[in-house]
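Participant: sequence and predicted structure, then a few things I'm wondering about:
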Amino acid sequence: MKRLLVVLVLVGVVALFAWALSREQTLASPLVGKSAPAFSMPLYAADSTLSLAKLRGTPVVLNFWASWCLACRDEARVLEAGWQRYGPDVAFVGIAVNDEEGAAKEFIRQFGKTYHLGSDVDGSAAVEYGLYGVPETFFIGRDGTILSRHIGPLTADDLDRRIAELEAGVRGDTRGDPGSVEPLSIEGP
Amino acid sequence: MTRAVRLLALAAALVASAAGGDRDLAAQEIGPAAQEVAPAPIPLSAEQEELAAEIESELKCPVCRSQSVRTSRSFMAEDMSRQVRRMVAEGKSKEEIREYFVARYGDYIILAPRKEGFAWTVWLLPFALVLGGAATIFALTRRWKSRPPPAAPAAPQAQSTWMQRLERELKETE
């Protein structure tokens, strides 16, 4: 009886550790369901700035990326194809984090990107959105509420599903592949 | 042979590094490039510097486990540090700044768990385990001390009838 009790306690402790570890890896964002933090950024394509407030009333796909991020290359064409298909009813915005202007512009040219692309000059947007790494994508509803966050590179299916949720105003969850996110500490310009 | 062992050790170290064993080592290797991108630091008074350092020490770097924003050199930690300094310069309190980060990252971002609700177990459990262990050792020691001394070894059993017969016959032979 005593042995059984000891085994049960040990199993409980191990289960608690396993739960804690798995919980951390889901990287749930407390921002889902809340108002998207405001930001303003200089655009690469034009001598102007873009603020989130200007896009109020339009669903927004907000993607954090960097030219040095390999996973961002995987989703680069998916995002541009999404913009060609859903824009301008759905706004696509790309914020480059910790990137050099020349490298970012070369990335944009290489992948033929045409949607709103700018730079998080002082890193404040990354912190405002509780970023862990790139790529990460937030889906913001017409009323400015964050409906979901996708971690890792988007596939065409991911994007279609998320935009369907976005247009329906349905709140999604934090899905994706956390293992494929490139933490900002590992890669750099 | 020694060279082969060294090569194996080097390969193992590289694999461990690639697997994320030491993320901040990788960050240090790209440090100079990072500084080219990062904007200038926000100037603070001595008192504000102290407050910013205190807050940064209590915030976890989100991309390098178990390291504070203060000690990490990752980009994300630098961005967070800049945000802390910005808020301190604006006159925000320590609690307001903590709440700001918790609202964006969750309680995960606080290096030491809060002393409230379920989080109290994290603080109290180690003490409870130490006390429980000490009590168990004390109880076991007392039990062992109060045990009666082990009984004297039993007297040798009576010799078997075969042995008795053998001895008797030996005597008869003599």
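Facilitator: Structure received.
Participant: which residue is the nearest non-sequential neighbour of the residue most central in space within chain B?
Facilitator: Nearest to the centroid of the C-alpha atoms of chain B, with distances taken as C-alpha atoms, centre = their mean, sits residue B:66, at 9.4 Å. Nearest-residue entry for residue B:66: residue B:60, 7.6 Å, with adjacent residues in sequence omitted and distances by C-beta to C-beta, 6 or more residues apart in numbering or on different chains. The C-beta positions use only the backbone N, C-alpha and C, and glycine is treated the same way.
Participant: let me see the contact set for that neighbour.
Facilitator: B:66-69, B:108-111 (C-beta atoms under 8 Å, 6 or more residues apart in numbering or on different chains).
Participant: for chain A, see how far away it is.
Facilitator: Shown here: residue B:60 relative to chain A, a distance of 11 Å by C-beta to the nearest C-beta, to the nearest Å.
Participant: thinking again about what came up before, export the contacts of residue B:60 to CSV and tack on pLDDT?
Facilitator: Formatted as CSV, the entries for the contacts of residue B:60 read as follows, by pLDDT from 0 to 100:
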residue, pLDDT
B:66, 77
B:67, 88
B:68, 90
B:69, 90
B:108, 83
B:109, 89
B:110, 89
B:111, 85
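Participant: from the residues you listed, pick the one nearest chain A.
Facilitator: Minimum distance to chain A across these is 6.7 Å, recorded for residue B:108 (C-beta to the nearest C-beta).
Participant: assign the closest one to helix, strand or coil.
Facilitator: Per DSSP: H, G, I helix; E, B strand; the rest coil, the local secondary structure of residue B:108 is helix.
Participant: what number of residues lie near it?
Facilitator: When neighbours are counted by other C-beta atoms under 10 Å in any protein chain shown, residue B:108 registers 17.
Participant: same question, the one 4 residues further on
Facilitator: Burial of residue B:112, expressed as a neighbour count using other C-beta under 10 Å, amounts to 12.
Participant: check contacts around the residue nearest to it when sequence neighbours are not counted.
Facilitator: Distances taken as C-beta to C-beta, 6+ apart put residue B:58 closest to residue B:112, at 6.5 Å, once the chain neighbours are dropped. Taking C-beta under 8 Å, 6+ apart as the criterion, residue B:58 is in contact with B:68, B:98, B:110-112.
Participant: in JSON lines: these, plus secondary structure.
Facilitator: Converted to JSON lines, the contacts of residue B:58 look like this (three-state DSSP):
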{"residue": "B:68", "secondary structure": "strand"}
{"residue": "B:98", "secondary structure": "helix"}
{"residue": "B:110", "secondary structure": "strand"}
{"residue": "B:111", "secondary structure": "coil"}
{"residue": "B:112", "secondary structure": "coil"}
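Participant: identify the farthest-apart pair in these.
Facilitator: B:68 and B:98 (13.1 Å; C-beta to C-beta).
Participant: quickly list what's touching both of the two.
Facilitator: Taking C-beta under 8 Å, 6+ apart as the criterion, residue B:68 and residue B:98 both touch B:58-59.
Participant: picking up where we left off before, now the contacts of residue B:58: which count as buried?
Facilitator: Applying 16 or more other C-beta atoms under 10 Å in any protein chain shown to the contacts of residue B:58, the neighbour count classes B:68, B:98, B:110-111 as buried.
Participant: now, which of those residues sits nearest residue A:88?
Facilitator: Within these, distances to residue A:88 taken as C-beta to C-beta reach their minimum at residue B:98, with 39.7 Å.
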